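>>> Turn this into a structure:
(chains A, B, C and D)
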Number of protein chains: 2
Amino acid sequence: MGHPPFAVTVDLVVLTLTGDELCALVVRRGVEPYVGEWALPGGFVRPEEDLADAARRELAEETGLAPGTVHIEQLGGYGAPGRDPRMRVVTIAYLALAPDLPVPSAGTDAADARWAPVRTLARESLAFDHDRILADGLERARAKLEYTPLATAFCAPEFTVAELRRVYELVWDTRLDPRNFHRKVTGADGLLEPTGRTTTRDGGRPAQLYRRGRAELLYPPMLRS
Amino acid sequence: MGHPPFAVTVDLVVLTLTGDELCALVVRRGVEPYVGEWALPGGFVRPEEDLADAARRELAEETGLAPGTVHIEQLGGYGAPGRDPRMRVVTIAYLALAPDLPVPSAGTDAADARWAPVRTLARESLAFDHDRILADGLERARAKLEYTPLATAFCAPEFTVAELRRVYELVWDTRLDPRNFHRKVTGADGLLEPTGRTTTRDGGRPAQLYRRGRAELLYPPMLRS
DNA sequence: GAAATAGTGTCTGTAAGACAATATGGA
DNA sequence: TCCATATTGTCTTACAGACACTATTTC
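Numbers count the residues shown, from 1 in each chain, chains lettered A, B, ... in the order given. Modelled structure (predicted):
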């Protein structure tokens, strides 16, 4: 019984919110295969490196974001035989959510990097099977907003209810009633922790600033319906 | 830029319901490492084989179940550097749910196989990092019962409301009110499709037989709360 | 008939969604 | 002052959970 050799990579679906769009990080490939095409950031896992460590390392290389500030979780494995023309490659995809929008810094094997609105990516095409990985990452993010406090991962450490609502509206591409949303999230147990301070950065009456609470699950969930 | 060689395996969390327990399939290892210890079924991915195909092949080898009757979905990748003492192995774990309980047939490199109640497995320990994989599989199954029709994967093609309720009760280890459960699942849009026939196999008044409906998502969800 | 399970009805509390009304800052 | 947004309150409707009650089979 042998064990045929595979290459193992990590690929990243990194999402952030620009002014009014949900964006994913894409890099232009600088090496074969698919030179010059857009792809998700990623790279080979090192011999003594854990998968999650490899994902965090690639994320830091591509974005320069401090690891502690970014939510990252595994999406799943992708390993169809022909997905990389060079050799048999299995990739473990990770989903990362970043609060602000730093200018991407091109990594070693990426000629260029940019934040691309997911709306436009749905029409273009990424290298390898990255269209599917991106779609899976988007669906994961959208689904987890429903029943976890994941939306706070798109926010700065302190945020207002309106900023949190904007996350839901951009990720789900819907409109939510500000008053019902406010009542719901301030009532959800363990979701928000008041800081006592306020801000007027959204204009109008000063809004309470909150930190993310200790809850890992949202009850009752926010339903897209 | 090299690409260090890895071995890639698939491992399976296969769940079924015995008389009154949720059980997972475990095999006694016949080869090093961990000879003689219990582990999840699994094996190496072949050079030209898709990951999901490898998982289905291993499932068929270990259980003899016809592939079409079993729900199978990917759980995720596990690849910590020391998880296999022989070499660097990344495994892609799959979750499978089987309706009935066939006698397991030992595979090529498994000396023995059995259905083990998950309640007892929580106290014993499996080889490799299989304790964690099993725990992740159980949590996935429990969570997906809430908002998908996955519970029907534990049932025969035609089933009664009481049989469906038993799935929830055993997987969640709770009691559900038969009357409220009945009202809820028969009202959930697209979950159940009446066959028009009835059965008395549960005793008492004959119960309607249902097939699984076309819905992929359960709305409103069944909440564990 | 009794026992068992299937299925319906009713009530109460909670929460969602629509939307009026009030509060508090900046220009 | 007006404007913009925050926050609270009210009303209606839907649904969860508790549980009485009826229905239909086997013994």
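>>> Other residues contacting the helix or strand in which residue A:115 is found?
When elements are assigned from DSSP states H and E, residue A:115 belongs to strand A:110-117. By C-beta atoms under 8 Å, 6 or more residues apart in numbering or on different chains, the residues outside strand A:110-117 that reach it are A:16, A:18, A:21-30, A:36, A:38, A:41, A:62, A:101, A:104-107, A:124. Every residue, glycine included, has its C-beta placed from N, CA and C.
>>> Need the mean per-residue confidence for it.
Mean pLDDT, computed over strand A:110-117, is 83.
>>> and the closest residue to DNA strand D within chain A, how many neighbours does it have?
Chain A approaches DNA strand D most closely through residue A:204 (2.1 Å), counting by C-beta to the nearest atom of the strand. For residue A:204, the number of neighbouring residues by other C-beta atoms under 10 Å in any protein chain shown comes to 7.
>>> Could you do residue A:35 as well?
11.
>>> Assign a three-state SS to it, would you?
For residue A:35, the assignment made with DSSP: H, G, I helix; E, B strand; the rest coil gives coil.
>>> pLDDT wise, what is the residue nearest to it when sequence neighbours are not counted at?
Sequence neighbours aside, residue A:29 is the residue nearest to residue A:35 in space, at 5.5 Å (criterion: C-beta to C-beta, 6 or more residues apart in numbering or on different chains). Residue A:29 is assigned 92 on the pLDDT scale.
>>> Specify the beta-bridge partners of residue A:29.
With DSSP bridges applied, residue A:29 shows beta-bridge pairing to residue A:110.
>>> Quick check: closest non-adjacent residue to residue A:43.
That would be residue A:58: by C-beta to C-beta, 6+ apart, it lies 5.2 Å from residue A:43.
>>> Doesn't that neighbour lie inside a helix?
Yes: counting by three-state DSSP, residue A:58 is located in a helix.
>>> any idea how far DNA strand C is from it?
According to C-beta to the nearest atom of the strand, to the nearest Å, residue A:58 and DNA strand C sit 38 Å apart.
>>> Spit out the contact partners of that residue.
A:10, A:12, A:41, A:42, A:43, A:107.
>>> Return the helix or strand in chain A with minimum mean pLDDT.
strand A:110-117 (a mean of 83; mean pLDDT, DSSP states H and E).
>>> And the strand holding residue A:115, how far out from the chain middle?
The chain centre lies 15 Å from the centre of strand A:110-117; the measure is C-alpha atoms, centre = their mean, to the nearest Å.
>>> Please list the residues outside the helix or strand just after it that contact it.
Counting by DSSP H and E, the next helix or strand C-terminal to strand A:110-117 is helix A:118-121. Applying C-beta under 8 Å, 6+ apart, the set of residues contacting helix A:118-121 from outside is A:15, A:21, A:22, A:23, A:24, A:26, A:134, A:138.
>>> Please identify which of those residues is nearest to residue B:84.
Each of those was checked against residue B:84 using C-beta to C-beta; the closest is residue A:134, at 31.0 Å.
>>> which residues of chain A fall in strands?
Secondary structure of chain A by DSSP state E: the strands cover A:7-17, A:22-29, A:38-39, A:42-44, A:71-78, A:89-97, A:110-117, A:192-199, A:207-212.
>>> ok, back up a step: so among the contacts of strand A:110-117, which ones count as buried?
Buried members of those, scored by 16 or more other C-beta atoms under 10 Å in any protein chain shown, are A:16, A:22-29, A:38, A:41, A:62, A:104, A:106-107.
>>> then stretch A:87-94 to CSV, C-alphas only?
This file holds the C-alpha atoms of stretch A:87-94, laid out as CSV (Å, rounded to 0.1, in the frame of the first residue of the first chain):
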residue,chain,number,x,y,z
MET,A,87,0.7,18.2,-10.6
ARG,A,88,-1.7,16.8,-8.1
VAL,A,89,-2.5,19.6,-5.7
VAL,A,90,-4.9,19.5,-2.8
THR,A,91,-5.7,22.9,-1.4
ILE,A,92,-7.2,23.8,1.9
ALA,A,93,-9.3,26.9,1.6
TYR,A,94,-9.7,29.4,4.4
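>>> hmm, it in reach of chain B?
Yes: interface with chain B: stretch A:87-94 contributes A:87, A:88, A:89, A:90, A:92 (C-beta under 8 Å from any C-beta of the partner chain).
>>> Run through the residues of chain A sitting next to DNA strand D.
Neighbours of DNA strand D within chain A, by C-beta under 7 Å from any atom of the strand: A:160-162, A:178-180, A:182-183, A:186, A:198, A:202-208.
>>> and those residues near DNA strand C, which?
A:179, A:180, A:204, A:205, A:206.
>>> which of those residues tops the neighbour count?
Sorting these by how many neighbours each has (other C-beta under 10 Å) puts residue A:206 first, at 12 neighbours.
>>> That one: what's it in contact with?
Counting by C-beta under 8 Å, 6+ apart, residue A:206 has contacts A:198, A:199, A:200.
>>> what residues go with each domain of chain A?
Here the domain parsing of chain A from automatic domain parsing is A:7-129, A:147-212.
>>> nearest to residue A:222, of the ones you listed?
Closest among the domains of chain A, using C-beta to C-beta: domain A:147-212, at 6.9 Å.
>>> What parts of chain A come near chain B?
A:1-9, A:31, A:44-51, A:74, A:76-81, A:87-90, A:92, A:109, A:147, A:219-221, A:223, A:225.
>>> any idea how far residue A:176 lies from residue A:63?
29 Å (C-beta to C-beta, to the nearest Å).
>>> So for the two, which sits in the more crowded spot?
Neighbour tally, residue A:176 and residue A:63, criterion other C-beta under 10 Å: the higher count belongs to residue A:63, 24 against 15.
>>> returning to that earlier point: generate TSV for the ones next to DNA strand C among the residues of chain A next to DNA strand D, with pLDDT and distance to residue A:167 as supplementary columns.
Conversion of those to TSV gives the following (pLDDT from 0 to 100; distance: C-beta to C-beta, whole Å):
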residue	pLDDT	distance to residue A:167
A:179	98	17
A:180	98	16
A:204	92	19
A:205	97	21
A:206	97	20
